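Asker: Turn this into a model:
(4 chains)
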There are 2 protein chains.
Amino acid sequence: MGKGYTPETAAADVAAALKVLEGRWKLILLFHLFGGQVRRYSELKKRIPGISQKMLAQQLRALEADGLVRRTVYPEVPPRVEYQLTDWGQALCPVLDGLLSWREKRHSQ
Amino acid sequence: MGKGYTPETAAADVAAALKVLEGRWKLILLFHLFGGQVRRYSELKKRIPGISQKMLAQQLRALEADGLVRRTVYPEVPPRVEYQLTDWGQALCPVLDGLLSWREKRHSQ
DNA sequence: TAAGTGGGTTACCTATGGGTAAGGGATACA
DNA sequence: TGTATCCCTTACCCATAGGTAACCCACTTA
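Answerer: Here you go, the predicted model:
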């Protein structure tokens, strides 16, 4: 912990980072986009079983608003919308990897 | 992502790791215990403004059940109970640090 | 007898996240 | 005219996380 963090400010900053990942579908969406993949709305809908149109749109908008996802609209008919990660969104990948490693350590020591 | 993760299993595993941190007070509690600190129930109550007895007990029990916190009861009167992180709980510190760094990167590029 | 101390538990209420179902608007095609 | 496609939005409902307030237990001290 570099700066002058108190337990409260550190916790608040981590919570703010995690807030971006909150929601039943966000992690699934991110893992569908990690690695530079580009996906259409309807493609995500097909690949993610159980997600409703409302939740898909809502969570994608939230990820976009938070700067993890870039949304590109092509003014065609019928419309085409593509989603991909921003650089910052992609940078989350190793962090989540760290979480996975931490979790695996649990019963190993 | 080493293993044979699908987006769904990777997301589920990350969610399982994050579940341990969910709750309004857990991160604050962790940051009060990082670095090998040992604290009594009443001490935590004093240091964490706004937390109720119910929530303090509840979240500490959850962290204990998840293996992050060790609870030690001294059979005295009045009772004394001490809380500290397990090794695995302490190992979460660098992971959260990674999250903080990721967050700080957001507007820097 | 009464009150204090430490570490809780229990009962009850409310706010919010996520669910389903349905509608909506632009364009093309038959 | 009617229907299909794509990408949503709106209305409504429910389950659960978290809030407050009050109670509990064992023992000591006054």
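
Asker: where does the spatially most central residue of chain A land on pLDDT?
Answerer: Nearest to the mean C-alpha position of chain A, by Cα atoms, centre = their mean, lies A:Leu30 at 3.9 Å. With respect to pLDDT, A:Leu30 has a value of 96.

Asker: wait, what's in contact with it?
Answerer: Residues near A:Leu30 by Cβ atoms under 8 Å, 6 or more residues apart in numbering or on different chains: A:21, A:63, A:68, A:85, A:89, A:92, A:96, B:11. (C-beta placed from N, C-alpha, C; glycine too.)

Asker: quick one: contacts for A:Val73?
Answerer: A:79-81.

Asker: change it to 10 Å
Answerer: A:79-82 (Cβ atoms under 10 Å, 6 or more residues apart in numbering or on different chains).

Asker: How about A:Leu68?
Answerer: By Cβ under 10 Å, 6+ apart, the residues touching A:Leu68 are A:20-21, A:26, A:29-30, A:33, A:60, A:62, A:85-92, B:106.

Asker: Just the buried ones from those residues?
Answerer: Taking 16 or more other Cβ atoms under 10 Å in any protein chain shown as the criterion, what is buried in the contacts of A:Leu68 is A:20-21, A:26, A:29-30, A:33, A:60, A:62, A:85-86, A:88-92.

Asker: What segments of chain A are strands?
Answerer: For chain A, applying DSSP state E gives strands covering A:39-40, A:69-74, A:80-85.

Asker: one step back: from the contacts of A:Leu68, which ones fall inside helices?
Answerer: A:26, A:29-30, A:33, A:60, A:62, A:87-90, A:92 (DSSP state H).

Asker: Which ones among the residues you listed also lie next to DNA strand D?
Answerer: Near DNA strand D, taking Cβ under 7 Å from any atom of the strand as the test, the members of these found are A:Leu60.

Asker: Can you tell me which of the ones in helices among the contacts of A:Leu68 is nearest DNA strand D?
Answerer: Checking the ones in helices among the contacts of A:Leu68 against DNA strand D by Cβ to the nearest atom of the strand gives A:Leu60 as the nearest, at 6.6 Å.

Asker: what residues does chain A put near DNA strand C?
Answerer: Applying Cβ under 7 Å from any atom of the strand, one finds that chain A approaches DNA strand C through A:22-25, A:50, A:52-55, A:77-79.
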